[in-house]
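1. Generate coordinates for the sequence data below:
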Amino acid sequence: VARLNENASSVFIGVQQSGPLTVDRDRAVEWLRAPTNPNGVPNSAILSAYVATDDIVGRPSENFLIDFPSGLGEAEASAFELPFEHLRAAKYDPHRDGELVNYVDYRTDTDSQNSSWWEPHRARPALRNRLVNAGDYLATAETTEHRVFRFLPAGTVPDKSLYAFPGVGLEGFGVLQSRFHENWCTYFGNRIGAGNQRRYNASYVYLTFPFPEGLTPDIPTADYADDPRAQAIAAAAARLNELRENWLNPPELIERVPEVVEGYPDRILPKDEAAAKELKKRTLTNLYNTRPAWLDHAHRALDEAVAEAYGWGDDYRAGTLTDDEILARLFRLNQERVSA
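-> Down below sits the predicted model:
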């Protein structure tokens with residue numbers, strides 16, 4: 001199996017901290033409410049809402065990242081008084097080991113060897129540039145029990161435990177969340193230890209995966225907006241996403257509250273103690289462990305739409321698309337595109 005150029009530059013690994021740059025919401029709110037810094041800039045300029053694995057498969061983590069921009073000198077950074085002094089008080093070891101990592105083409109960052117101790121070790125500028133105008137973006141966790149993809153709020157910064165797909169819309173979400181990509185993941189991905197945890201390795205899984213012809217990641221979604229195949233996938237994907245999100249956050253159990261300052265995603269809070277107790281159980285991990293009938297029906301509708309996009313709809317409905325047959329067909333597509 002070979003990597004496909006059509007998939008390059010559409011997946012990114014998240015930010016690597018290599019230091020105590022994560023703070024909980026209480027600490028972050030204290031800084032957000034503090035008076036403007038001596039430089040005349042509020043702390044919101046260097047605090048980012050931070051998302052990790054729990055924000056995909058669990059409940060919102062509500063963590064923040066001390067997120068100084070790359071190249072900011074120590075004198076300029078220290079003017080953001082409370083966050084900077086927090087790092088100094090933590091006795092953060094500024095030593096960088098200088099290890100060179102052999103990143104493949106979806107890891108295009110070159111900042112790791114130049115980062116200062118108050119900055120993220122690998123700030124992922126290529127990812128940041130793509131997130132600026134991306135709105136809500138698709139992500140998956142590197143290590144999970146179930147391979148699930150979820151849209152994360154615009155303005156959040158993903159941790160290195162996540163892979164982000166900033167340019168992927170509902171069509172891409174539908175393909176990636178389908179049985180076809182799931183089978184590819186299972187075969188080419190890694191399994192962790194003896195448990196149920198599965199690892200998503202974008203180099204071996206995503207970069208090699210053949211999307212349906214004409215719906216590949218190198219084509220802007222607007223270019224195939226009128227394609228009936230794309231419309232069918234988007235409709236099924238939107239329905240799956242809606243059902244899941246409604247189950248995770250029923251309106252009678254939650255309220256959406258703006259953050260203390262503008263520019264951050266709304267908070268999702270339980271309406272009372274009983275709601276809080278119930279919401280703790282409502283995670284994508286628990287949902288896929290039980291896999292209720294409505295979820296199964298939504299996935300079947302999505303799988304049929306994706307099968308149609310590949311030209312395999314009749315075989316899907318006839319039940320002849322076994323896991324082995326799916327893998328064989330996807331492998332042939334991979335080889336055909338490499339040799340084209």
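
2. where do the helices sit along this structure?
-> Secondary structure of the chain, counting by DSSP state H: helices at 25-32, 53-57, 74-78, 81-89, 125-131, 170-176, 179-188, 228-248, 273-281, 284-290, 293-310, 313-318, 323-339.

3. Please produce CSV containing these, extended by mean neighbour count.
-> For glycine as for every other residue, the C-beta is placed from the backbone atoms N, C-alpha and C. Converted to CSV, the helices of the chain look like this (neighbours: other CB atoms under 10 Å):
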stretch, mean neighbour count
helix 25-32, 17
helix 53-57, 20
helix 74-78, 14
helix 81-89, 16
helix 125-131, 18
helix 170-176, 25
helix 179-188, 20
helix 228-248, 18
helix 273-281, 13
helix 284-290, 15
helix 293-310, 18
helix 313-318, 14
helix 323-339, 15
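
4. Just the pLDDT at T108, thanks.
-> Model confidence at T108, given as pLDDT, is 41.

5. try the one 5 residues further on
-> The score at Q113 is 45. That number is its pLDDT.

6. Give me the mean pLDDT for stretch 57-74.
-> Mean per-residue pLDDT for stretch 57-74: 93.

7. Then stretch 15-35?
-> The average of the pLDDT scores along stretch 15-35 is 93.

8. Start and end of it, how far apart?
-> Start and end residues of stretch 15-35 are separated by 28 Å (CA to CA, to the nearest Å).

9. Please apply the same query to stretch 39-55.
-> 33 Å.

10. Give me the number of neighbouring residues for A225.
-> Number of residues near A225 (other CB atoms under 10 Å) recorded here: 12.

11. got the phi/psi numbers for it?
-> phi -60, psi -30 (degrees, to the nearest 10).

12. ok, it - contacts?
-> Contact analysis of A225 by CB atoms under 8 Å, 6 or more residues apart in numbering lists Q231.

13. So it versus W312, what's the distance?
-> 23 Å (CB to CB, to the nearest Å).

14. With distance to R3 as extra columns, can I get the helices of the chain in a markdown table?
-> A markdown table is the format used below for the helices of the chain (distance: least, CB to CB, whole Å):
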| stretch | distance to R3 |
| --- | --- |
| helix 25-32 | 39 |
| helix 53-57 | 25 |
| helix 74-78 | 38 |
| helix 81-89 | 39 |
| helix 125-131 | 17 |
| helix 170-176 | 17 |
| helix 179-188 | 11 |
| helix 228-248 | 23 |
| helix 273-281 | 40 |
| helix 284-290 | 29 |
| helix 293-310 | 20 |
| helix 313-318 | 27 |
| helix 323-339 | 8 |
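
15. so who does the closest residue to N39 other than its chain neighbours touch?
-> Sequence neighbours aside, A79 is the residue nearest to N39 in space, at 3.9 Å (criterion: CB to CB, 6 or more residues apart in numbering). Contacts here follow CB under 8 Å, 6+ apart; on that basis A79 touches N37, P38, N39, V41.

16. that older thread, N63 is nearest to which of the helices of the chain?
-> Comparison of those against N63 by CB to CB identifies helix 25-32 as nearest, at 7.1 Å.

17. sorry, back to before: out of the contacts of A79, which are inside strands?
-> Judged by DSSP state E, the contacts of A79 include no members of strands.

18. Can you select the buried ones from the residues you listed in ChimeraX?
-> With 16 or more other CB atoms under 10 Å as the criterion, this ChimeraX line picks the buried residues out of these:
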select :37
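
19. and the contacts of A79, which two are the farthest apart?
-> With CB to CB as the measure, no two of the contacts of A79 lie farther apart than P38 and V41, at 9.1 Å.

20. Quick one: low-confidence residue ranges for this protein.
-> Along the chain, the parts satisfying pLDDT under 70 run over 91-115, 191-196.

21. The spatially most central residue of it and A202: what is the separation?
-> Centroid-nearest residue in the chain, with CA atoms, centre = their mean: A139, separated by 1.8 Å. Distance, A139 to A202, by CB to CB: 12 Å.

22. shared neighbours of the two, anything?
-> Each of Y163 lies in contact with both A139 and A202 under the rule CB under 8 Å, 6+ apart.

23. how about the nearest residue to the residue in the chain sticking out farthest from the centre, chain neighbours excluded?
-> Distance from the C-alpha centroid of the chain, by CA atoms, centre = their mean, peaks at P38 (35.5 Å). Spatial nearest neighbour of P38, chain neighbours left out: A79 (5.2 Å); criterion: CB to CB, 6+ apart.
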